[in-house]
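Participant: next comes the sequence, and after it the predicted model I'd like to discuss.
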Amino acid sequence: MPGSGEELVRQLGPAAHPERPVAKQRPAGASDELVAALGKLSEALEVVEEARGLLYTFHRRSGRADLTLQEAIQALHDAGEPETAQQVADVLVGRDVIPGCWTFQIVEQYDAQYWQPFRAVEADVRQRFAGGTAHIYEAEMKHREQQPGQG
């Protein structure tokens, strides 16, 4: 279809916005390399946050499995298999997911041992080199990509 690209821009609007200023300004004297390094540190923290979310998913799904297990045990009992129900309960109900720990303890240990220190270090570095401002690298990328002729 001739002209369909122009029609899409007309319908959806352009991605370019050269009239917009950079959303966040880099500190005076901050080099491209420093801004990129701060961006990498921020990216690493985002991966840690994502991992923490997956850990909470693991925690919730393990808890749901335990509740479903208890329903299965009751169903075995109701089906006339009380000995089997008791065997399953004896082996699995209340079982540690790793020696000495339930999933809530794994989450708590991850938070205390890794997540909180990671966040503190990232915040300290960002405060020292960017006045606490986050996502300078991304703000500059947004500005660059919204200039005409990008892509």
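Facilitator: That came through fine. Computed from a predicted structure; not experimentally measured. Residues are numbered from 1 along each chain as shown.
Participant: how much space between the most centrally placed residue in the chain and Leu38?
Facilitator: Nearest residue to the geometric centre of the chain (C-alpha atoms, centre = their mean): Glu50, 2.2 Å. Glu50 sits 19 Å away from Leu38, going by C-beta to C-beta, to the nearest Å. Heads up, the C-betas are built off the backbone N, CA and C, glycines and all.
Participant: leaving out sequence neighbours, find the closest residue to Ala23.
Facilitator: Spatial nearest neighbour of Ala23, excluding adjacent residues (C-beta to C-beta, 6 or more residues apart in numbering): Ala139 at 4.2 Å.
Participant: tell me how many other residues crowd the one you found.
Facilitator: 19 (other C-beta atoms under 10 Å).
Participant: for Ala130, same thing?
Facilitator: Using other C-beta under 10 Å: Ala130 sits among 21 other residues.
Participant: pLDDT score assigned to it?
Facilitator: Listed pLDDT for Ala130 reads 92.
Participant: now it: phi and psi?
Facilitator: phi -140, psi 20 (degrees, to the nearest 10).
Participant: pLDDT weak spots in the protein?
Facilitator: Residue ranges of the chain with pLDDT under 70: 1-3, 151.
Participant: list the helices and strands the longest helix seen in the chain packs on?
Facilitator: Scanning the chain for the longest helix, with DSSP state H as the assignment, gives helix 32-78. Judged by 3 or more C-beta pairs under 8 Å, 6 or more residues apart in numbering; DSSP states H and E, the packing partners of helix 32-78 are helix 82-92, helix 103-110, helix 116-130, helix 136-145.
Participant: let's have those helices in JSON lines, adding distance to Thr68.
Facilitator: Shown next, in JSON lines, are the helices and strands packed on helix 32-78 (distance: least, C-beta to C-beta, whole Å):
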{"stretch": "helix 82-92", "distance to Thr68": "11"}
{"stretch": "helix 103-110", "distance to Thr68": "15"}
{"stretch": "helix 116-130", "distance to Thr68": "32"}
{"stretch": "helix 136-145", "distance to Thr68": "41"}
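Participant: SS state for the residue of the chain most remote from its centre?
Facilitator: Centroid-distance maximum for the chain: Gly80 at 45.7 Å, with C-alpha atoms, centre = their mean. Secondary structure, DSSP: H, G, I helix; E, B strand; the rest coil: Gly80 is coil.
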